[in-house]
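>>> generate a structure from the sequence data that follows.
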Amino acid sequence: LFLDGYNECPESLQLNLTRSIRAFSLRYGASIVICTQQDISRCDLLEAHTVFVHRPSDELKASLAKVSKPDPTGNLHSLLQVTTSGLEASLAGQVGTTLSAGSSRFGLFDSYARIKLGIAASEGIRLLTSIAEKLVLETCFSLSVREFDRLCDGANLVHLDGPQLIRSKLLHVRGDRVSFVHELFFAAFSAEAVIRSANGNAQKIIAALDSPRFFSAKVFILGAVENNKVLQEVLSNLNDQDLLSACFQGECAEHVN
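Predicted coordinates for the structure are as follows:
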């Protein structure tokens, strides 16, 4: 059994989750792999072996990005500095040279999606944003193929249809469930949903940053704000130390620091 995101379980329920994992393991003779960004509550109940996985080094990110030719503008190099995962490093290697200097992590995912969707980029991003918004509102990570078809039908698509969007590999189909191919794409398009819904209202963006629903998308939300006046109002009300640190490191774009 693979349990991803133990740390996303509310603290008040973590002990019960640990006990449930132990019960499952004993009942079915199952091995358990748990991914978490914090210590497991009552880890001694699981007799667990702990492996620490650090963020990828600059050398590993360069290797994943397949940086083999000169980068005269330094754009790709600066983008790799703010990526925090192997996936982002790989994407940076594919689209980094098309981005302007000081781009955000959000800009990286947006640009990759636009390249994958080609002529249907605007429609595809609108549909992906609607999917992300629906998943956030319903607090889930996937929707049925029937719900997916209904969203496609309601989007009045001209250059794109559901199967084409699936073939872009931005979404993944498992059985009769449709989900984003990776949680970071989900976070990026959740951020886009916030920006579109806010429509320039800084208070709505601030409310989203404070909402647990958008916990994993906060860096992307700030990176997606392109109106400097709105951005300054949001930053002036920001007291999230982790998010401020991400801004300082350039993850939300070079101008957000």
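>>> going forward, measure contacts and count neighbours with C-alpha atoms only.
OK.
>>> the residue nearest the centre of the chain sits in which helix or strand?
Against the mean C-alpha coordinate of the chain, by CA atoms, centre = their mean, the closest residue is Leu184 at 2.2 Å. Taking DSSP states H and E as the definition, Leu184 sits inside helix 183-198.
>>> and Lys169, how close does it get to Val234?
34 Å (CA to CA, to the nearest Å).
>>> the more surrounded of these two?
Val234 (20 against 14; other CA atoms under 10 Å).
>>> and that one, what does it touch?
Listed by CA atoms under 8 Å, 6 or more residues apart in numbering, the contact set of Val234 reads Ala202, Gln203, Ile205, Ile206.
>>> for the strand or helix carrying Leu60, what does the pLDDT average out to?
According to DSSP H and E, Leu60 maps onto helix 58-64. What helix 58-64 shows for mean pLDDT is 88.
>>> centre of the chain to the helix holding Leu184, how far?
How far helix 183-198 lies from its chain's middle: 8 Å, per CA atoms, centre = their mean, to the nearest Å.
>>> cool, stretch 122-139 as well?
In terms of CA atoms, centre = their mean, the centre of stretch 122-139 is found 13 Å from the chain centre.
>>> what's in contact with it?
By CA under 8 Å, 6+ apart, the list of residues contacting stretch 122-139 from outside reads 113-114, 117, 141-143, 148, 151-152, 155, 157-160, 165, 186, 189-190, 192-193, 213-214.
>>> which of those fall within helices?
Using DSSP state H, the subset of the contacts of stretch 122-139 located in helices is Ala113, Arg114, Leu117, Phe148, Leu151, Cys152, Leu165, Phe186, Phe189, Ser190, Glu192, Ala193.
>>> save those as TSV, and put in pLDDT too.
TSV is the format used below for those (pLDDT from 0 to 100):
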residue	pLDDT
Ala113	95
Arg114	94
Leu117	93
Phe148	94
Leu151	92
Cys152	90
Leu165	90
Phe186	96
Phe189	97
Ser190	97
Glu192	97
Ala193	97
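>>> wouldn't Gln14 be in contact with Ser41 here?
Yes - with contact defined as CA atoms under 8 Å, Gln14 counts as touching Ser41 (6.1 Å).
>>> secondary structure element holding the residue lying farthest from the centre of the chain?
Centroid-distance maximum for the chain: Arg27 at 34.7 Å, with CA atoms, centre = their mean. If you go by DSSP H and E, Arg27 is part of helix 14-28.
>>> run through who's touching the helix or strand of the chain with the lowest mean pLDDT.
Using mean pLDDT, DSSP states H and E, the weakest-scoring helix or strand in the chain turns out to be helix 75-82, at a mean of 82. Helix 75-82 is contacted from outside by 58, 61-62, 71, 89, 92-93, 96-97, 99-105, 249-251, using CA under 8 Å, 6+ apart.
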